[in-house]
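**Q** can you look at this prediction? I've put the sequence above it.
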Amino acid sequence: MTYQVRLLGPQDQQLAWDLGSLAFGYHEQPMPEGWTSDSPGRRTLGVFDPAGRIVAKAVDREQGQWFGGRIVPTSGVASVATSPELRGRGLGRLVLTQLLQGARERGAVISTLFDTTPAPYRALGWEEVGALVYHTAPTRVLAEIRPDAHTTLRPATEADIPAVGEIYREAARASTAMMERSGPIFGATPAQQLADYHGYTVAVDDSGTIVGYARWDRGPGYDATGKLTVDDLIGLTPEATRTLLAMLGGWASVAPTTVIRLGAADPVWSLLARGDAKPESTQPWMLRVVDAPGAVAARGWPRHLTGEVDLELTDDVCPWHQGRHRLVLSGGDGRLEPGGAGTVRLTPRGLASWFAGAATPQQLRRSGFLTGGDDDTDELLRTAATGPAPTLHDYF
């Protein structure tokens, strides 16, 4: 059977809703009036059979993620679905390979996604490099934290949203892989951002500067079932972090449980014992390099590292970058030049893990994702990708 792969048009929106609602479990809901799969920053590819029925789809989100202090153009893959009668017949591979080609043409150099099951994505070169984790902690533990006497808290106003965005951006810039919260998919107005949460609190130092914020929701009930859910808590100073956590602790009598989204190296851990915070939900996410020369040029690298490694990339899904390249690093910049001896060979999953700093060359070698090279090439590659653990705070 011959299938057609194309971008969705206005006439396809009901078909996309029907397939997605069945795949993701909201098929009892009617399509909302005016709903579209293709809001600004989103492109939906559909696979259609000869009868014009949509049998698979996937969304390419135009987003950026921070690596080495720079924003790397990214394709965020979402809403991947295949008709249940046709699963296992290669339609997912068909739509995703076309999506990757289109994403590269529009300028994306890497791709990320949250996987419900890793196997089909690993077969196409994505690899799990991190997880979005919510931790549960007794609110009484936070009540033991003392606020800073010179830091005050107040509800955020619309005028505060630009300052809050800069606080997030400062944390994201120092991270590996956190989202850049700008562009078409982050187009909510300040009023809409405030309305999304029950509480949006800013921390202000004694000079009047906003130095931290928290976004949180108060769940129902005021007995043992009461809880707070905190999506963001970022302080630029230890005093701000401490004072925001102490505020959450003030809910202990009516919301005895706090659920908070934290990365592995979040400064909150300096005030919260890991034994007191248990993972409540873990959502793994994956990365794939879409354009290796573009990805190497886009991200930042250690400024004091200078060196070269000859690489050979294998990639039948993104064949435009497979072959031999020389990785050249100097002064915080990197480039992949054609040629070289192909000393170190990387699979797509190995390239993804190394680029994200999720695994060392030694680990990749043991996984079969890297072969060749020696102690010197291993050390250069390890040092190049050293940094914070890959972290995402935005689900898509």
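**A** It's in. Residues are numbered from 1 along each chain as shown.
**Q** isn't Leu392 right up against Glu128?
**A** No. Between Leu392 and Glu128 there is no contact under C-beta atoms under 8 Å: 12.0 Å. Yep, even glycine has a C-beta here, placed from its N, CA and C like the rest.
**Q** what is in contact with the two at once?
**A** Common neighbours of Leu392 and Glu128, counting by C-beta atoms under 8 Å, 6 or more residues apart in numbering, are Trp285.
**Q** quick check: phi and psi at the residue nearest to Asp49 when sequence neighbours are not counted.
**A** Nearest residue to Asp49, sequence neighbours excluded (C-beta to C-beta, 6 or more residues apart in numbering): Val55, at 5.3 Å. Main-chain dihedrals, Val55, degrees, to the nearest 10: phi -120, psi -10.
**Q** and Val55, what does it touch?
**A** Taking C-beta under 8 Å, 6+ apart as the criterion, Val55 is in contact with Tyr3, Leu19, Val47, Phe48, Asp49, Thr82, Ser83, Leu86, Leu91.
**Q** Ala352 too?
**A** Contact partners of Ala352, counting by C-beta under 8 Å, 6+ apart, are Gly125, Trp126, Glu127, Val129, Met286, Leu287, Arg288, Val289, Ala358.
**Q** just the buried ones among the residues you listed, please.
**A** Gly125, Trp126, Glu127, Val129, Met286, Leu287, Arg288, Val289, Ala358 (16 or more other C-beta atoms under 10 Å).
**Q** would you turn the residues you listed into TSV with secondary structure?
**A** Output for those, formatted as TSV (DSSP: H, G, I helix; E, B strand; the rest coil):
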residue	secondary structure
Gly125	coil
Trp126	coil
Glu127	strand
Val129	strand
Met286	strand
Leu287	strand
Arg288	strand
Val289	strand
Ala358	coil
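**Q** now do the SS call for Arg43.
**A** Arg43 is classified as strand under three-state DSSP.
**Q** so for Leu392 and Glu128, which sits in the more crowded spot?
**A** The neighbour comparison of Leu392 against Glu128 (other C-beta atoms under 10 Å) goes to Leu392, with 24 against 19.
**Q** what backbone torsions are found at the more buried one?
**A** Backbone torsions for Leu392, taken as degrees, to the nearest 10, come to phi -130, psi 140.
**Q** skipping adjacent residues, who's closest to it in space?
**A** Closest residue to Leu392 apart from its sequence neighbours, by C-beta to C-beta, 6+ apart: Leu132 at 5.2 Å.
**Q** got it, and Ala358?
**A** Spatial nearest neighbour of Ala358, chain neighbours left out: Val129 (3.8 Å); criterion: C-beta to C-beta, 6+ apart.
**Q** mind pulling up the pLDDT for the one you found?
**A** We note a pLDDT of 98 for Val129 in this prediction.
**Q** cool, and Gly34?
**A** 88.
**Q** gap between it and Leu45?
**A** According to C-beta to C-beta, to the nearest Å, Gly34 stands 22 Å off from Leu45.
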